[in-house]
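> Here's a sequence, model it:
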Amino acid sequence: MDNYITGATIKKLRESKDLTQTQLAERIGVSSKAVSKWETAKGLPDITLIEPLSNALGVSVMELMSGDTVINNNISSNILRSKFYVCPVCGNVIHTTGDALISCCGITLPSLEAEETDEAHEIRIEKVEDEYFVTVDHEMEKSHFISFIAHLTSDKVQFVKFYPEGNAETRFQLRGRGYLYIYCNKHGLMKKKI
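Numbers count the residues shown, from 1 in each chain. Next up, the predicted model:
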């Protein structure tokens, strides 16, 4: 991790829960002086206290470590508000249906911003029987390839992962309006409205 819990984060979260330093200390089994030292940057909580501290403050360990709390305002559960995250170390692809705090390989991942597709990343769609054959004419070398194609509508996600030296092609049941997303490992996330 490239950051650690700050005193300001502990104080902000403690106050948002209407807890005194003494009440927080009692919940995690330390003295109120220890909590005071953390909040005034004169000390740091021991690593063994991170999980009990996050539980007492009502946040995840990642939220506590980053200082950013995630509030779920996505009450309509619209999948078109989806976010994609790709780990630059291992290549994991994470999909969420709203904002999230995502970490992989010790790195906090930013959500990807999708650009409109360009000529080098043209998506072709061809109707085949009751499905659509989706292809991206793109090189598929280890250094430059399409990692995934996803189709999102307001109520459905279809996702296909690709690997170098294969073809960036798949079949989807394209029903309703939505977006096709592709991810190029060099040029990032792109989308096309369908």
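
> Now do the strand or helix carrying residue 36: which elements does it pack against?
Element membership for residue 36, per DSSP states H and E: helix 32-39. In terms of contact count using 3 or more CB pairs under 8 Å, 6 or more residues apart in numbering; DSSP states H and E, helix 32-39 is assigned the packing partners helix 7-16, helix 21-28. Where you see a C-beta, it was placed from the backbone N, CA and C, and this is true even at glycine.

> Between the ones you listed, which has the poorest mean confidence score?
Ranked by mean pLDDT, those bottom out at helix 7-16, which scores a mean of 88.

> Next, the angle helix 21-28 makes with it.
90 degrees (axes from the mean of the first three to the mean of the last three CA atoms, to 10 degrees).

> what comes up buried for helix 7-16?
With burial defined by 16 or more other CB atoms under 10 Å, the residues of helix 7-16 counted as buried are 7, 9-11, 13-14.

> likewise stretch 105-123?
By neighbour count on 16+ other CB under 10 Å, the buried set for stretch 105-123 is 108-109, 111-112, 114, 117, 121, 123.

> quick one: which of these sit in helices?
Using DSSP state H to define helices, no part of the buried residues of stretch 105-123 is located there.

> Take those and lay them out in a markdown table including pLDDT and distance to residue 63.
Converted to a markdown table, those look like this (pLDDT from 0 to 100; distance: CB to CB, whole Å):
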| residue | pLDDT | distance to residue 63 |
| --- | --- | --- |
| 108 | 85 | 11 |
| 109 | 89 | 14 |
| 111 | 90 | 16 |
| 112 | 92 | 21 |
| 114 | 91 | 25 |
| 117 | 89 | 34 |
| 121 | 91 | 35 |
| 123 | 92 | 36 |
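
> shaky segments in this structure?
Counting by pLDDT under 70, the chain has low-confidence residues at 1-4, 68-78.

> What are the boundaries of the strands in it?
Listed in chain order, the strands of the chain (DSSP state E) span residues 83-86, 93-96, 102-104, 107-109, 115-116, 123-128, 131-136, 146-153, 157-161, 169-172, 178-184, 188-193.

> I'd like to know how far the nearest residue to residue 153 once chain neighbours are set aside sits from residue 100.
The shortest distance from residue 153 to any residue that is not its chain neighbour, by CB to CB, 6 or more residues apart in numbering, is 3.6 Å, and that residue is residue 178. Per CB to CB, to the nearest Å, residue 178 is found 21 Å from residue 100.

> Alright, that wraps it up for me.
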